[in-house]
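Colleague: Quick one, what's the 3D model for this:
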Amino acid sequence: MQRPARLLAAWVLSLLATAALAQEQAPTMLSGTLAKVRASGTIAIGYREASVPFSYLNARKEPIGYSIELCRALVTAIEDTVNKSLAIQWVPLTSDSRIDAVVSGQVDLECGSTTSNLERQKRVAFSPTMFVSGTKVLVKKGAPIRSFRDLAGKKVAVTAGTTNEKTLRDLSQKFKLDIDLKVARDHAESFALVKEGQADAFATDDVLLYGLIARDAAKAQYEVVGDFLSYDPYAVMYRKGDAQLNKVVIDTFQVLAEDGEIHRQYKRWFMRKLPSGESLNLPMSAQLETIIQTMAVKAE
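Modeller: This is a model prediction of the structure:
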């Protein structure tokens with residue numbers, strides 16, 4: 001081989017070796033959550049036990065739901081980014097424990113029914129909006145409660161750590177309603193207070209109330225009443241200040257919106273029968289439709 005040819009071959013081999021080395025070392029350039037999950041080979045996902053149909057346990061005690069499926073898509077995207085398969089570690093959370101669990105690193109993604117608001121954004125980061133809800137009130141049929149003003153002097157169940165708890169406290173103070181709030185650990189316990197007669201009503205996001213009623217054997221005995229008392233956009237929660245993870249989340253939601261996966265998952269969990277046999281029959285709101293359409297547009 002002539003000298004120029006030998007030099008060219010050596011140069012090409014050197015380039016290939018450098019490229020291969022760069023690809024091999026690429027994962028070491030990861031930071032934050034991506035570096036953490038690649039090193040451990042696991043990703044911790046926080047879920048809820050009774051947030052139907054977003055995040056709850058099936059008959060086999062496995063986490064399922066709308067939020068869970070969207071988070072599984074996020075895990076796949078994270079695996080592609082770190083170039084490694086990840087085992088999911090499922091971590092049960094409550095409304096009260098979820099934010100601290102994300103901040104402390106106990107979980108990497110919180111996949112439940114969590115409202116993204118300015119106060120919480122001071123501590124954690126949120127994905128694009130995946131659902132829009134608002135506070136309403138569940139009562140037994142025949143109860144003399146039709147609006148928040150009818151809650152004056154009544155015992156009202158709320159779940160600890162929720163925006164609904166703050167909404168009811170603010171309403172009670174502003175309108176001098178003297179509401180007796182009964183704070184429960186989770187949504188199932190709040191609903192139980194109404195069923196057992198220990199509370200006159202249960203205030204939380206309307207979609208969660210419909211989900212609880214749909215799964216209850218005595219569903220015909222309960223109804224959701226009143227106007228919306230708050231605006232609650234749901235999102236996946238993760239650690240604040242993690243630029244690499246944030247990019248993966250934003251990019252993944254854009255793809256899920258663009259190819260119609262968010263719509264497909266919505267239909268599966270809100271319009272069709274759930275694994276337990278019931279159905280919410282809750283069409284997508286025009287507001288959420290617009291949010292998803294906007295999300296599907298790639299940023300320039």
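Colleague: what about stretch 96-109, average pLDDT?
Modeller: The average pLDDT for stretch 96-109 rounds to 97.
Colleague: contact partners of that stretch?
Modeller: Judged by CB atoms under 8 Å, 6 or more residues apart in numbering, the contacts made with stretch 96-109 from elsewhere in the structure are 33, 36-37, 43-46, 71, 74-75, 91, 93, 110, 112, 114, 120, 123-124, 160-161, 185, 236-240, 245. The C-beta positions use only the backbone N, C-alpha and C, and glycine is treated the same way.
Colleague: what's the spacing between N58 and S276?
Modeller: From N58 across to S276, the span is 7 Å (CB to CB, to the nearest Å).
Colleague: Return every residue with contacts to both of the two.
Modeller: What both N58 and S276 touch, as defined by CB under 8 Å, 6+ apart, is an empty set.
Colleague: doesn't D200 make contact with A143?
Modeller: Yes. Here A143 reaches D200: they are 6.6 Å apart, a contact under CB atoms under 8 Å.
Colleague: Which of these two has more residues huddled nearby?
Modeller: A direct count of neighbours by other CB atoms under 10 Å for A143 and D200 places D200 higher, at 23 against 17.
Colleague: Name the nearest residue to the more buried one, ignoring sequence neighbours.
Modeller: Taking CB to CB, 6 or more residues apart in numbering as the measure, D200 lies nearest to K154, with 4.2 Å between them; neighbours along the chain are not counted.
Colleague: What is the neighbour count of that neighbour?
Modeller: Taking other CB under 10 Å as the criterion, the count of residues near K154 is 19.
Colleague: what sits up against stretch 171-186?
Modeller: Taking CB under 8 Å, 6+ apart as the criterion, the residues outside stretch 171-186 that touch it are 48-50, 94-96, 148-149, 151-160, 165, 168-169, 190, 192-193, 198-199, 229.
Colleague: now, which of those lie within strands?
Modeller: For the contacts of stretch 171-186, membership in strands holds for 50, 155-159, with DSSP state E as the criterion.
Colleague: Please identify which of these is nearest to Y66.
Modeller: The shortest separation between Y66 and any of the ones in strands among the contacts of stretch 171-186 is 14.1 Å, and it belongs to A50 (by CB to CB).
Colleague: Tell me which residues touch the closest residue to the closest one other than its chain neighbours, please.
Modeller: Nearest in space to A50, with sequence neighbours left out and distances taken as CB to CB, 6+ apart, is A188 at 4.1 Å. Counting by CB under 8 Å, 6+ apart, A188 makes contact with 49-50, 212.
Colleague: Make JSON lines from those and add neighbour count and pLDDT to it.
Modeller: JSON lines is the format used below for the contacts of A188 (neighbours: other CB atoms under 10 Å; pLDDT from 0 to 100):
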{"residue": "E49", "neighbour count": "17", "pLDDT": "95"}
{"residue": "A50", "neighbour count": "21", "pLDDT": "92"}
{"residue": "L212", "neighbour count": "26", "pLDDT": "93"}
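Colleague: now these as TSV including distance to T135?
Modeller: Supplementary listing: the contacts of A188 in TSV, determined by distance: CB to CB, whole Å:
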residue	distance to T135
E49	21
A50	17
L212	14
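Colleague: which one of those is nearest V132?
Modeller: Checking these against V132 by CB to CB gives L212 as the nearest, at 18.8 Å.
Colleague: so the closest one is in which element?
Modeller: Under the assignment given by DSSP states H and E, the secondary-structure element containing L212 is helix 206-215.
Colleague: got the angle for that helix vs strand 155-159?
Modeller: Using axes from the mean of the first three to the mean of the last three CA atoms, to 10 degrees, the interaxial angle of helix 206-215 with respect to strand 155-159 works out to 100 degrees.
Colleague: neighbouring contacts of helix 206-215?
Modeller: 50-54, 56, 113, 131, 133-138, 187-188, 191, 202, 219, 222-224, 228, 274, 276, 278-280, 282.
Colleague: Can I have the buried ones of those as a PyMOL selection?
Modeller: Applying 16 or more other CB atoms under 10 Å to the contacts of helix 206-215, the buried members can be selected in PyMOL as follows:
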select buried, resi 50+51+52+53+54+56+113+131+133+134+135+136+137+138+187+188+191+202+222+223+224+274+278+280+282
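Colleague: out of the contacts of helix 206-215, which are inside helices?
Modeller: 187-188, 191 (DSSP state H).
Colleague: before we move on, the earlier item: now intersect the contacts of helix 206-215 with the strands, please.
Modeller: 50-51, 56, 131, 133, 135-138, 202, 222-224.
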